[in-house]
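> The sequence isn't on hand, but the structure is:
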């Protein structure tokens, strides 16, 4: 078994060698906002602490960088969601809540996308006072389809 100090020294040497061999690529990845510090560390086989030290040496604040990366990823996801919702709004006449549930967004977001693109949602609303016909009830239960009787069915 290798003593802990020897193992740590070997690991440190490996980290140093990986940083030396990939310094330019690591610096490029740190300056671009594509990968998080953890993703960069796993990409090059270096500890996350070493990536943080390297970023500090380059004058990059990792806390601000991670906040900016999170903001950019959220904005990208929101744009993708909006594009999918817009395609559903243009392609189908489904109600807002159905599109929202299908895409995993809120009904308010679907409404906002529709307003932004000038899509009228009034014809999609089901009138609240207008019940569905009985034959179109989905998931009809026993008590909806059978007449009520007081007996439990044992008396014959």
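Okay, I see it. This one's a predicted model, so the numbers in the text were calculated from it and none came from an experiment. Residues are numbered from 1 along each chain as shown.
> Can you list the buried residues in the longest helix that the chain contains?
Using DSSP state H, we find that the single longest helix of the chain is helix 62-91. For helix 62-91, burial by neighbour count (16 or more other C-beta atoms under 10 Å) applies to 62, 65, 69, 81-82, 84-86, 88-89. The C-beta positions use only the backbone N, C-alpha and C, and glycine is treated the same way.
> Need those residues in JSON lines (columns: pLDDT and distance to residue 19).
Output for the buried residues of helix 62-91, formatted as JSON lines (pLDDT from 0 to 100; distance: C-beta to C-beta, whole Å):
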{"residue": "62", "pLDDT": "90", "distance to residue 19": "16"}
{"residue": "65", "pLDDT": "90", "distance to residue 19": "18"}
{"residue": "69", "pLDDT": "91", "distance to residue 19": "21"}
{"residue": "81", "pLDDT": "93", "distance to residue 19": "38"}
{"residue": "82", "pLDDT": "95", "distance to residue 19": "40"}
{"residue": "84", "pLDDT": "94", "distance to residue 19": "41"}
{"residue": "85", "pLDDT": "94", "distance to residue 19": "44"}
{"residue": "86", "pLDDT": "95", "distance to residue 19": "45"}
{"residue": "88", "pLDDT": "92", "distance to residue 19": "47"}
{"residue": "89", "pLDDT": "92", "distance to residue 19": "50"}
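> Which stretches in this structure count as helices?
Ranges of helices in the chain, per DSSP H, are 4-31, 37-44, 48-57, 62-91, 96-103, 107-116, 142-145.
> Select, out of those helices, the one closest to residue 124.
helix 96-103 (6.3 Å; C-beta to C-beta).
> distance between that closest one and the chain's centre?
16 Å (C-alpha atoms, centre = their mean, to the nearest Å).
> pLDDT (mean, whole number) over it?
Averaged over helix 96-103, pLDDT sits at 90.
> what do you get for stretch 38-50?
Stretch 38-50 shows a mean pLDDT of 88.
> can I see the domain layout of this structure?
Domain ranges of the chain: 1-60, 74-121, per automatic domain parsing.
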